[in-house]
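Asker: need coordinates for the below:
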Amino acid sequence: MDSPLLEMRNIRFNYGHVPALKGIDFDLYPGEIHALTGDHGSGKTSLVKILSGSLLLQGGSIRVNGQSFYGFNPSASVQQGIGMVYQSETLIPSGTLFDNVYLGRFPQFIFSRRRKELLKHCQELFDIYGFDEDPMTRVTALSPARRQVLSFLRVLAQEAKILILDEIAQKTTPEEQQHIYRMLRMCRAQNKGIIYVSSNIDEIFRISDRVTILKDGHRRGTEEVSRVDRTRLVNLAFSFAIDRDESPTQVDHEVLLMSRYDQRIINDIPQGLIIISPNDEIQDLNTAASRILECDPVEIKGQPLNEYFRDLQLEKLDEIEKVIVERKAGLWQKLKFVRNKLLKIRVSPLGEEGDSRHGMLVFLEDISSDYETKEYLQQAEKFVSTAEMAAGVAHEVNNPLGIIQNYLDLMQLDELPENSQDCVQHIQSELTRIVEIISSLLSFSRVGVRPIKSLDLHLLLDEVSILMGHKFKERKITLEKDYRSGQILLDAHENKLKQLFLNLLSNALEAVLKGGKIIVRTSLCQSAEGVPQAVISFIDNGHGIPGEILDQIFSPFYSTKMTKTNTGLGLSICQHIAESYNGKITAESIPGENTSFLVYLPLTQGQD
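Answerer: This is a model prediction of the structure:
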């Protein structure tokens, strides 16, 4: 027998104080598809994430091709010939298929000859594995199922010897699933080792050579699939019991066991799932669907679909019901639901499209929270990197500025002609302005967690306006400051408020034409609850915003700007920052005339 490609011994891992892996042994041989299965929380995903470098090995040993290896991280795993296709999509939607296949493997600028070679290699890879797409197609043109195949091809392009596929069948159509199976068999014929993580028993019996069962962080067994009893595999892998009086015969016992297994799988799907019967009744729905729809599953099971839809406060219900009745496939993004929820809904016929003899599947996904959070965190990382880079630049600029200042001081000690004195004074004035800008830049660039402190609103706005001063001067835009008399103090993080004000000023700057005008105004008011608040208004005389756009202006990724770099996140981030201090932000506009963004923030306690 060949030597193993991979040997994992006594692998241990804890999430805090909760043990996830309790001494797991696992091995993989060349030319083998080794299935890894188990109940939710059994540890199968944690085990493969250690191999991919996503989780740090806490105990045990790993040998790859006979060599001990301890320092696993994503880069080291790739170097060891390990590639993983994750459950969640890791592609860049705006990039081409070619860009994504070779993501991270070449610099931003490469010689055209080298690029042509890679493009040719990419096309050959697609041809070998039957992926009939143009490498220069954008990822956005692919269906979710095709994107999963592309993720697999990206791993194959790395020439990985150990392939890991983590529950990828959940996001593929039956056709794409068969395509992936063909690719897996080709990889097996090339003597690659494949770890196939799956909770689908049918899949395991269809394509795997061996199967390892995990349960509660322990390995329950490893066996050749050809020798495994299907019912016993289900019984070992999944946590449910059979009452003795429910199984008068062995056949009944097995049917009931598999039925409960199917029900468990449906309930464990993270997406909401509603099963519609051939006569358009709600036959079943899983836990996620009842949670998203805020309903009691017992009450709506067996209810006609049109009766249930009649009382549902969801956008485009008539359109969705029509597609279901006609037995067609459909997809709807960002549908508004109760309590400001945003839903993604996909419907799919169980049989051929238009065949009324079969039912329908309705998939629901609540994208309200993670839709903004994921992208906000990615954007926050970019802000941190920008801040660190800005700090480095500012420090480098400070050194020559100090030298110039010393020379100016020496020149002012001598008697100079009148014209020269005027020149020196102008240089001193500009130097002072540059030093102020650099000081503001350094202040903005301070990264890290800092305590909330009392901030002078007007000083903060002045610092931000100095930082933006060159842009106003370059475009001959007038910045008018209309501050309320007296000091206004706010309790907040300095950098967060600077980010808020910078975003709003940048937004106003993009809205006005050359020679336009922006007003920054401060005033005081009281909230509906009687809390004293500062009101910071940013008013521009740009083109204004139509009412239908104004309603969506704070939505994540919504943008009316044409620049390639605009993500549509700026105003969403502003809203998030204001709300984090128990404040709010509103927008008012007269189309064609002006736009005002008003930020309401509580005053420091004790300030009138």
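
Asker: mind checking which helix or strand of the chain has the lowest mean pLDDT?
Answerer: Among the helical and strand segments of the chain, the one scoring lowest on mean pLDDT, DSSP states H and E is helix 250-268, with a mean of 55.

Asker: quick check: what element follows that one along the chain?
Answerer: strand 272-276 (DSSP states H and E).

Asker: contacting residues for Val531?
Answerer: With contact taken as C-beta atoms under 8 Å, 6 or more residues apart in numbering, Val531 is in contact with 582, 602. Any C-beta I mention is one placed from the backbone N, CA and C, and that applies to glycine too.

Asker: typo on my end, Ile434
Answerer: 397, 401.

Asker: quick one: secondary structure of Ile33?
Answerer: strand (DSSP: H, G, I helix; E, B strand; the rest coil).

Asker: can you name the residues bridging to it?
Answerer: Beta-bridge pairing of Ile33 under DSSP bridges involves Ile194.

Asker: the one 5 residues further on now?
Answerer: Here Gly38 shows beta-bridge partners Leu214, assigned using DSSP bridges.

Asker: these two touch, right, it and Lys215?
Answerer: Yes - counting by C-beta atoms under 8 Å, Gly38 does reach Lys215; the two are 5.5 Å apart.

Asker: when the two are compared, which one has more neighbours?
Answerer: Gly38 (26 against 19; other C-beta atoms under 10 Å).

Asker: pLDDT at the more buried one, what is it?
Answerer: Model confidence at Gly38, given as pLDDT, is 86.

Asker: make 573 the first number, not 1, from now on.
Answerer: Okay, using 573 as the starting number, the last item reads as Gly610.

Asker: contacts only, for it.
Answerer: 616, 771, 785-787, 792, 809.

Asker: try it again at 7 Å.
Answerer: Contact analysis of Gly610 by C-beta atoms under 7 Å, 6 or more residues apart in numbering lists 616, 785-787, 809.

Asker: between those residues, which sits nearest Leu728?
Answerer: Checking the contacts of Gly610 against Leu728 by C-beta to C-beta gives Lys616 as the nearest, at 22.4 Å.

Asker: quick one: that closest one from Ile622, how far?
Answerer: Computed as C-beta to C-beta, to the nearest Å, the Lys616 to Ile622 distance reads 11 Å.

Asker: looking at those two, which one has more neighbours?
Answerer: Lys616 (27 against 23).

Asker: who's in contact with that one?
Answerer: 608-610, 769, 786.

Asker: mind checking pLDDT for it?
Answerer: With respect to pLDDT, Lys616 scores 90.

Asker: cool, Arg799 as well?
Answerer: The per-residue pLDDT reported for Arg799 equals 81.

Asker: which among the contacts of Gly610 gets closest to Leu1061?
Answerer: For those, the nearest to Leu1061 is Lys616 (54.0 Å; C-beta to C-beta).

Asker: now the closest one: how far from Phe598?
Answerer: With C-beta to C-beta as the criterion, Lys616 and Phe598 are 10 Å apart.

Asker: same check on Phe1126?
Answerer: Taking C-beta to C-beta, one finds Phe1126 at 48 Å from Phe598.

Asker: tell me which of those two has more neighbours.
Answerer: Phe598 (21 against 18).

Asker: list the buried residues for the helix or strand where that one lies?
Answerer: Taking DSSP H and E as the definition, Phe598 sits inside strand 590-600. Judged by neighbour count using 16 or more other C-beta atoms under 10 Å, the buried positions of strand 590-600 are 591-594, 596, 598-600.

Asker: would TSV of those with distance to Ile1024 and pLDDT be doable?
Answerer: Formatted as TSV, the buried residues of strand 590-600 follow (distance: C-beta to C-beta, whole Å; pLDDT from 0 to 100):
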residue	distance to Ile1024	pLDDT
Pro591	37	90
Ala592	36	91
Leu593	40	92
Lys594	42	89
Ile596	45	89
Phe598	48	92
Asp599	53	92
Leu600	52	93
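
Asker: which one of the residues you listed is nearest Glu925?
Answerer: Once C-beta to C-beta is applied, the member of those that ends up nearest Glu925 is Leu600, at 40.6 Å.

Asker: surely that closest one and Gly765 touch.
Answerer: Yes - using C-beta atoms under 7 Å, Leu600 is in contact with Gly765, at 4.3 Å.

Asker: any shared contact partners between those two?
Answerer: 577-578, 734.

Asker: mind pulling the model confidence for the closest residue to Arg1047 other than its chain neighbours?
Answerer: Nearest non-adjacent residue to Arg1047, counting by C-beta to C-beta, 6 or more residues apart in numbering: Lys1086, 5.1 Å away. For Lys1086, the pLDDT comes out at 75.

Asker: my read is that Lys1086 contacts Lys1045, right?
Answerer: No - with contact defined as C-beta under 7 Å, Lys1086 does not reach Lys1045; the gap is 11.6 Å.

Asker: Tyr1172 bridge partners, please.
Answerer: Bridge pairing for Tyr1172 - DSSP bridges - gives Val1107, Lys1156.

Asker: count the residues that sit near it.
Answerer: Neighbourhood size, Tyr1172 [other C-beta under 10 Å]: 18.

Asker: what of His1042?
Answerer: Residues lying near His1042 (other C-beta under 10 Å) number 12.

Asker: can you classify it by secondary structure?
Answerer: Per three-state DSSP, His1042 ends up helix.

Asker: how near is it to Gly1087?
Answerer: To Gly1087, His1042 is 16 Å away according to C-beta to C-beta.

Asker: mind listing what Arg802 touches?
Answerer: 773, 777.

Asker: quick check: mean pLDDT of the helix or strand hosting Gln905?
Answerer: Per DSSP H and E, Gln905 falls inside strand 902-909. The average pLDDT within strand 902-909 is 86.

Asker: repeat for stretch 921-934
Answerer: The pLDDT scores in stretch 921-934 average 83.

Asker: which pLDDT value belongs to the nearest residue to Ala761 once chain neighbours are set aside?
Answerer: Excluding the flanking residues, the one nearest Ala761 by C-beta to C-beta, 6+ apart is Gly603, at 7.4 Å. What the model reports for Gly603 is a pLDDT of 94.

Asker: pretty sure Gly603 sits against Arg760.
Answerer: Yes - Gly603 is in contact with Arg760 according to C-beta under 7 Å; the separation is 5.4 Å.

Asker: quick revisit: any of the shared contacts of Leu600 and Gly765 buried? List them.
Answerer: 577-578, 734.

Asker: format the residues you listed as TSV; extra columns: distance to Phe1169.
Answerer: Output for those, formatted as TSV (distance: C-beta to C-beta, whole Å):
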residue	distance to Phe1169
Leu577	58
Leu578	56
Ile734	53
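
Asker: filter these down to the ones in strands?
Answerer: Counting by DSSP state E, the part of those found in strands is 578, 734.

Asker: that older thread, could I get the shared contacts of Leu600 and Gly765 as TSV with distance to Glu696 and pLDDT?
Answerer: Listed next are these as TSV, based on distance: C-beta to C-beta, whole Å; pLDDT from 0 to 100:
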residue	distance to Glu696	pLDDT
Leu577	25	92
Leu578	28	91
Ile734	22	93
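
Asker: wait, doesn't Asn772 sit right on Ala741?
Answerer: Yes - the pair Asn772 / Ala741 is scored as a contact, 6.0 Å apart, by C-beta under 7 Å.

Asker: the helix or strand harbouring Cys694 - what's its average pLDDT?
Answerer: Here Cys694, judged by DSSP H and E, is contained in helix 684-700. For helix 684-700, mean pLDDT rounds to 81.

Asker: quick one: the helix or strand that that helix is followed by to helix 684-700, angle?
Answerer: Using DSSP H and E, the next helix or strand after helix 684-700 towards the C-terminus is helix 716-729. Relative orientation of helix 716-729 versus helix 684-700 (axes from the mean of the first three to the mean of the last three C-alpha atoms, to 10 degrees): 120 degrees.
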